[in-house]
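S.K.: model the structure of this input:
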Amino acid sequence: MSCENKQNSGAVSHRLTTARQIEATVGRPPSFIMLKQIGTLDAGCRAVLARCPIAAMGYRDGDGAARTTFVGGTPGFARVHSPTRISFALPGPDVARGPVSFFFLLPGIGEILRVNGSLARRKGAEAIVGVKEAYVHCAQAVLRSRLWKPPAPPEPPTEIPADGPLGLPGVAEFLAASPFLALSTWDASGGSDTSPRGDRRTVARVLDGRTLLVPDRRGNKRADTLHNLLEDDRLSFAALVPGRDGVLHVRGRGAITDDSALLETMALRGTPPHAALLIDVEDAELTGNDAVARARLWTPDAHVVRGTVPDLLGLSREHLAANTAKADRGPATLLLKAAGAVPGASRLLRAAMNRLYRSELRKEGYEDVDA
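M.R.: Numbers count the residues shown, from 1 in each chain. Got it, this is the predicted structure:
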């Protein structure tokens, strides 16, 4: 079937609707991936938060609608009151109490600090969040999108009818230029997850006036987003364009597809993604964002210099070592401790991980990977 005959979600021939199907497509995450999470903000996390000027935030509004936005604007905007409590200025009056999720960006750095928790209370315009887990997310989304590099010429926008939410002024043009977005989903118990998505040039492809396609390329196989969508198909995202202060906010419902014809349209050097998110868009709004503007994300002198904050790879290794010790993994614990004690271990880890990033992204079809 040609791509022209598949320009809406109803025409997609196959969707993944069970956890078994997702695992068969994506794989099962290695056990050590799940051991990188910690339940509190340790000294390393607190040092990173002290330098982060911005975070993506997923939440539900007072009507229960999914929302994603960017908050902050200055380094240390998220104040740490204890290992399990942070506060920050709310993005607006519509944030409801309950599960919230974040990822914190250090300008110029690939790895991301993710924090999940719950909005415990509000104090005027201030939100008090109870932290439930924190972990380091790999740099692949940032590297795929070249988020901190000078923006590439945008793709020509798809011509679409004006009667759908994606046909609103400026929306298709913004999507054609956006290589990076923050995607929020929820599980059946309401637990929130906000993850980064990045792709070369265009991360969300317009199929028609209300349908988007987002590739799901290979990563650490956690697939939290995909599993959440099996339980609750509501989602939201906030998309960025390097060099701009505007943010595109999208809400809708998501499905997972491995439809080969659609995946081939997103192939890089002959390599398609293993799956994709098909999003039925209910609302799209392009707005200015004060946090993005004040954070000066696209200004080189605002980028963090390595060595002035803990290396997030080293922080991730510390979390893994601590959790492995708690799990009484014996030889694995000794090996991680010994590796950390080697002089220059952080530099060796960084060099090895950068080589791995380059290798894995080239396998996906990316060229000119700078890690």
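S.K.: could you verify my assumption that residue 204 touches residue 212?
M.R.: Yes - if you go by C-beta atoms under 8 Å, residue 204 and residue 212 touch, sitting 4.7 Å apart. Yep, even glycine has a C-beta here, placed from its N, CA and C like the rest.
S.K.: what is in contact with these two at once?
M.R.: Here residue 204 and residue 212 have 175, 250, 279 as joint contacts, going by C-beta atoms under 8 Å, 6 or more residues apart in numbering.
S.K.: tell me where the model's unsure across the stretch 251-371 of the chain.
M.R.: The model of the stretch 251-371 of the chain has pLDDT under 70 over residues 327-344.
S.K.: turn the shared contacts of residue 204 and residue 212 into CSV, including distance to residue 184 and secondary structure.
M.R.: Putting the shared contacts of residue 204 and residue 212 into CSV (distance: C-beta to C-beta, whole Å; DSSP: H, G, I helix; E, B strand; the rest coil) gives the following:
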residue, distance to residue 184, secondary structure
175, 17, helix
250, 10, strand
279, 12, strand
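S.K.: just want the most central residue of this protein.
M.R.: Nearest residue to the geometric centre of the chain (C-alpha atoms, centre = their mean): residue 196, 1.2 Å.
S.K.: so what's it up against?
M.R.: Applying C-beta under 8 Å, 6+ apart, the residues near residue 196 are 56, 103, 112, 137, 141, 142, 180, 181, 182, 183.
S.K.: before we move on, what about residue 297?
M.R.: 53, 54, 105, 107, 242 are the contacts of residue 297 under C-beta under 8 Å, 6+ apart.
S.K.: checking my notes, it in a helix, right?
M.R.: No - the assignment for residue 297, made by DSSP: H, G, I helix; E, B strand; the rest coil, is coil rather than a helix.
S.K.: of the shared contacts of residue 204 and residue 212, just say which sits nearest to residue 25.
M.R.: residue 279 (18.1 Å; C-beta to C-beta).
S.K.: test my guess that that closest one contacts residue 236.
M.R.: No - using C-beta under 8 Å, residue 279 is not in contact with residue 236; the gap is 9.8 Å.
S.K.: the residue nearest to the residue nearest to the centre of the chain when sequence neighbours are not counted - how many residues pack around it?
M.R.: Of all residues not flanking residue 196 in the chain, residue 141 sits nearest, at 3.8 Å (C-beta to C-beta, 6 or more residues apart in numbering). Other residues lying near residue 141 total 26 when counted by other C-beta atoms under 10 Å.
S.K.: CA atoms only: put the helix or strand that contains residue 141 into PDB for me.
M.R.: Secondary structure from DSSP states H and E places residue 141 in helix 140-145. C-alpha atoms of helix 140-145 as PDB (Å, rounded to 0.1, in the frame of the first residue of the first chain):
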ATOM      1  CA  GLN A 140      20.800   9.600  22.300                       C
ATOM      2  CA  ALA A 141      17.700  11.900  22.000                       C
ATOM      3  CA  VAL A 142      19.900  15.000  22.200                       C
ATOM      4  CA  LEU A 143      22.500  13.600  19.800                       C
ATOM      5  CA  ARG A 144      19.900  12.500  17.300                       C
ATOM      6  CA  SER A 145      18.300  16.000  17.300                       C
END
